[in-house]
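Trainee: this is the structure alone, sequence omitted:
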């Protein structure tokens, strides 16, 4: 039986615990109707949205910066932000004063004002939630880390879908676990749910 390996975060002395919510900014990634139905419906999407909604409520109560990100792939796609399918899910929709970013790449920092906006708020610690775990959450967490931010990912507020792999179908649950493990190795602190974030 092999011994569980340690993470690169541990080996290099990086923090293992998340920053407090009150000392962070919340980035809600692609919580769009896209992922609730049809060809892009994700496994466990509704519980993930519920968890994201609870996290959003806490962030609003804490008065921290909140950024909503939408992916736009153009008219007629499942990511058409001009149509209902590409809109942010109503129960986590932006309120007045909450910053909204429309992106065209998986990494929310590419081609957007996300970094400038976060710097203007003096935000260093980020809390990430949204979709899909293996794609835009993963890319944004890595982008945040590479730009000098300290991201935490709330696992229960993310979701993904099964994908074809070289040895057959990779289940959504396997891809979810692998994606979060890859992030927690270096790029982010991964917490199980919003309750694991200190106030």
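Mentor: Cool, got the structure. If you're wondering where the values come from, they're calculated on a predicted model, not measured in any experiment.

Trainee: and residue 57, which of the three is it?
Mentor: helix (DSSP: H, G, I helix; E, B strand; the rest coil).

Trainee: which stretches of this structure form strands?
Mentor: Remark: strands of the chain, listed N- to C-terminal, are 24-29, 66-71, 99-103, 125-131, 150-159, 163-165, 168-170, 189-191; assignment by DSSP state E.

Trainee: can those go into CSV with extra columns for distance to residue 138, mean neighbour count and mean pLDDT?
Mentor: The C-beta positions use only the backbone N, C-alpha and C, and glycine is treated the same way. CSV is the format used below for the strands of the chain (distance: least, C-beta to C-beta, whole Å; neighbours: other C-beta atoms under 10 Å; pLDDT from 0 to 100):
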stretch, distance to residue 138, mean neighbour count, mean pLDDT
strand 24-29, 10, 26, 98
strand 66-71, 14, 22, 98
strand 99-103, 14, 17, 98
strand 125-131, 10, 27, 98
strand 150-159, 9, 25, 98
strand 163-165, 13, 11, 96
strand 168-170, 14, 12, 97
strand 189-191, 11, 21, 98
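
Trainee: out of those, the one nearest residue 45 is which?
Mentor: The closest of the strands of the chain to residue 45 is strand 150-159. By C-beta to C-beta, the value is 5.0 Å.

Trainee: what helices and strands are in contact with that closest one?
Mentor: The elements that strand 150-159 packs onto, with contact taken as 3 or more C-beta pairs under 8 Å, 6 or more residues apart in numbering; DSSP states H and E, are helix 45-62, strand 125-131, helix 138-146, helix 172-185, strand 189-191.

Trainee: report the contact partners of the closest residue in space to residue 60 that isn't next to it in sequence.
Mentor: The spatial neighbour of residue 60 that comes closest, neighbours along the chain excluded (C-beta to C-beta, 6 or more residues apart in numbering), is residue 66 at 7.0 Å. Residues near residue 66 by C-beta atoms under 8 Å, 6 or more residues apart in numbering: 25-26, 28, 56, 59-60, 94, 98-99.

Trainee: give me the low-pLDDT residue ranges for this structure?
Mentor: Applying pLDDT under 70 to the predicted model, the residue ranges of the chain that meet it are 1-4.

Trainee: closest one of the contacts of residue 66 to residue 15?
Mentor: Checking the contacts of residue 66 against residue 15 with C-beta to C-beta, the nearest one is residue 25 at 16.9 Å.
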